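Asks: I'll drop the sequence and a predicted model, then ask my questions.
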Amino acid sequence: NFEKLQLQLKTEKNEIVKLHVVTDRQENLVKEKSNELSKIQEEFSSLNIKLKWAQNKLKSETEEHSATKARLQTTTKKLKEACEEGEQLRSELKATVQTYQESEEMKSNTLGVQLKRTEHELKQHEREIADQLRVRMGRDSCDVCRTCDCSRNVYLVCMLTPFVRFM
């Protein structure tokens, strides 16, 4: 009986050794998995920090985009107003130039008519003076112009008459 008990004790000791080995393996496995879990938690924490940073950056860029979009709308509105103002000024300037040209044309026509009238009056006045001189001197023509009846004392009048016509 003693041998049986000894055999049983030996078997139990072997079982205990086997259980210790299995327990050691399990402890090593638990430590390994615990280390892996710690690494995964650190990685998760790092990724979480990166995610929050990316979210903040995205939020900041979205706000900047909104501000830029608002500035673009304002600038576009100002540009459109400036274009409209430019078109209005161009239109007004065109009308002003056209009015000025028409006015200048009318002035030119009026001055042309006045010039012709003045030339006609001058020629008529020259004829009247020549006729008066002819009557006073009693001659048909002078020595200078051969057309009027003047004497040497009105020599300058005959000499200047051609120049007065072109003035």
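Replies: Sure thing, it's come through. Residues are numbered from 1 along each chain as shown.

Asks: only C-alpha atoms from now on, for both contacts and neighbour counts.
Replies: OK.

Asks: how far out from the middle of the chain is the helix or strand where Y100 lies?
Replies: Using DSSP states H and E, Y100 sits in helix 2-137. Averaging C-alpha positions (CA atoms, centre = their mean, to the nearest Å) puts helix 2-137 15 Å from its chain's average.

Asks: could you say what helices and strands it packs with?
Replies: Identification of packing neighbours for helix 2-137 by 3 or more CA pairs under 8 Å, 6 or more residues apart in numbering; DSSP states H and E yields helix 155-165.

Asks: and the helix holding Y100, what's its mean pLDDT?
Replies: The pLDDT scores in helix 2-137 average 93.

Asks: can you count the residues close to N1?
Replies: When neighbours are defined as other CA atoms under 10 Å, N1 has 6 of them.

Asks: and the one 5 residues further on, by the same measure?
Replies: Applying other CA under 10 Å, we find 11 residues neighbouring Q6.

Asks: please apply the same query to E126.
Replies: Look at E126: counted by other CA under 10 Å, it has 18 neighbours.

Asks: what does R134 give?
Replies: Using other CA under 10 Å, R134 is surrounded by 19 other residues.

Asks: also the one 3 residues further on?
Replies: Neighbours of M137 under the rule other CA under 10 Å: 15.

Asks: pick out the residue nearest the middle of the protein.
Replies: By CA atoms, centre = their mean, the chain has its centre lying nearest to L79, at 7.0 Å.

Asks: distance of that one from S91?
Replies: Computed as CA to CA, to the nearest Å, the L79 to S91 distance reads 18 Å.
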